[in-house]
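Student: Curious how this folds, go ahead:
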Amino acid sequence: MTSGQATSFALIMFLTGVGIPILAALNGGLGARLGSPMAASVILFGLALLIALAGAAATESLGDVRLSSGVPPQFYFGGLFVAFYVIAVTFIAPRFGVGNAIFFVLVGQLVSAAAIDHFGLFGSLRFPIDARRTAGIALMIAGVWLARRTG
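Tutor: As a prediction, this is how the structure comes out:
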């Protein structure tokens, strides 16, 4: 990987991170205005499906959309996790605060990402947890804890 690719990937993932609390605020607001977090989640997933279908059509990969016995079942569970996230944040963010909700999501992401990297789960690249990485994760969690404190 070139440094230019790494920079591009980092920027795209930063922007993805920027979008997560925006998604929480917008979908939480939609759920509150509709009186139903589940209805807001259905609308979000409906729009996301249309966008994904348009992207697949534009890249001529619609034919690749299929269930395959050659793919281990656990690789299809991503939808379960994204649905859980969207429904949970749509319900909780308006009641708990977008910042608080996302701060705890971030802590969960840090712990889960470190475990996935350490063990190379799901075929991911393996980056073992060492003392330096543990210290970095601990500092990030401490930072999240400090950032969520009010008053």
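Student: what's the distance between Phe119 and Gly31?
Tutor: Relative to Gly31, Phe119 is positioned 36 Å away (criterion: CB to CB, to the nearest Å). The way it works is simple: take the backbone N, C-alpha and C, and place the C-beta from them, glycine included.
Student: Which one's more surrounded, these two?
Tutor: More neighbours surround Gly31 than the other of Phe119 and Gly31, with 23 against 12 (other CB atoms under 10 Å).
Student: three-state assignment of Gly70?
Tutor: Three-state call for Gly70 (DSSP: H, G, I helix; E, B strand; the rest coil): coil.
Student: Quick check on it: phi, psi?
Tutor: When read as degrees, to the nearest 10, the backbone of Gly70 gives phi -80, psi -10.
Student: Could you pull out the buried residues of the longest helix seen in the chain?
Tutor: Counting residues, the longest helix found in the chain (DSSP state H) is helix 3-34. Buried residues in helix 3-34, counted by 16 or more other CB atoms under 10 Å: Ile20, Pro21, Leu23, Ala24, Ala25, Leu26, Asn27, Gly28, Leu30, Gly31, Ala32.
Student: So Phe103 is in contact with Val144, correct?
Tutor: Yes: the pair Phe103 / Val144 is scored as a contact, 4.9 Å apart, by CB atoms under 8 Å.
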